[in-house]
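S.K.: dropping a prediction and its sequence here:
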Amino acid sequence: SRPQPGDTPAEGRTFTMAMPADPGTLDPALTVLSAAIQVGRFLYDPLIQVTADGRARAGLAEKWAGDATTARFRMRPGVTCSDGTPLTARDVAANIAFVADPTNRSPLTGLYVNPGTTATVDAANREVTVVSKVPDAFLTRNVGMVPIVCGKGLEDRAALAEGRYGTGMFTLTEAVPGDHYTLTRRKDYTWGPGHWRA
């Protein structure tokens, strides 16, 4: 049955979700297949979460601001990757730079991040500044929706295809393509969306 208003989450229990197709690659920067995006939402968090009514709320970024050519994101403190390493502002900037580089052939290029967009880092303040060469009225929202992977995943895209090195609430613990994917809740996940508490 479909979720209804007033339903409560199945806290501490298992839930099963039917998928319309096998997701294939789980590298969030190299797919726009709806089944992969659906699984990826459990594995990789964006900078900004969007509510059902379209409002922006904190994701991996605790604050953000921008206009048509520049967007700034301040990262939440204490965010870790599924392997336990800290997520850094440099990791976030590298995610954006990967999508902005047309030679990487990301289907998110031009969709979330314009080609040639740059991302610079102020590590001391956990800030990433994104500058687009092409004006984009939705720059902050678009860049804010890029699924963020961890530093080791940026170096090993084959591991990302298997759903590893995530920033999301779950990790992939078993994958049987065409049959089932098992995800397990991360006990160390203590951030977002919004003012969510573990």
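M.R.: Great, that's in hand.

S.K.: contacts, neighbours, all on C-alpha from now
M.R.: Noted.

S.K.: now for R57, how many residues are close by?
M.R.: 19 (other C-alpha atoms under 10 Å).

S.K.: is it true that it touches V50?
M.R.: Yes - judged on C-alpha atoms under 8 Å, R57 makes contact with V50 at a distance of 6.1 Å.

S.K.: which residue ranges of this structure form helices?
M.R.: 34-43, 89-100, 139-144, 151-155, 157-161 (DSSP state H).

S.K.: what does the second one contact?
M.R.: Same thing as helix 89-100. With contact meaning C-alpha atoms under 8 Å, 6 or more residues apart in numbering, helix 89-100 is reached by 29, 75, 104-106, 108-110, 113-123, 126-128, 143, 146, 148-151, 154.

S.K.: average pLDDT across stretch 7-21?
M.R.: The average pLDDT within stretch 7-21 is 82.

S.K.: circling back to that earlier point, ok, which of the helices of the chain comes nearest M169?
M.R.: Across these, M169 has its closest neighbour in helix 34-43 (6.0 Å, C-alpha to C-alpha).

S.K.: buried stuff in that closest one?
M.R.: 35-37, 39-43 (16 or more other C-alpha atoms under 10 Å).

S.K.: cool, stretch 81-90 as well?
M.R.: 81-82, 86-90.

S.K.: please report the distance of V39 from E127.
M.R.: From V39 across to E127, the span is 28 Å (C-alpha to C-alpha, to the nearest Å).

S.K.: before we move on, what about M75?
M.R.: From M75 to E127 the distance is 6 Å (C-alpha to C-alpha).

S.K.: please apply the same query to T140.
M.R.: 14 Å.

S.K.: any stretches of the chain with poor pLDDT?
M.R.: Low-confidence segments of the chain, defined by pLDDT under 70: 1-3, 9-10, 196-198.

S.K.: nearest residue to the middle of it?
M.R.: Centroid check for the chain by C-alpha atoms, centre = their mean gives P147 as the closest residue, at 2.2 Å.

S.K.: residue contacts, the nearest residue to it once chain neighbours are set aside?
M.R.: Excluding the flanking residues, the one nearest P147 by C-alpha to C-alpha, 6 or more residues apart in numbering is P46, at 4.5 Å. When contacts are counted by C-alpha under 8 Å, 6+ apart, P46 is found next to 59-60, 144-148.

S.K.: that older thread, which one of the buried residues of helix 34-43 is nearest T16?
M.R.: Of these, the one sitting nearest to T16 (C-alpha to C-alpha) turns out to be V39, at 12.2 Å.

S.K.: now the strands for the chain?
M.R.: Using DSSP state E, the strands of the chain run over 48-50, 56-58, 61-66, 70-75, 118-122, 127-131, 170-176, 180-185.
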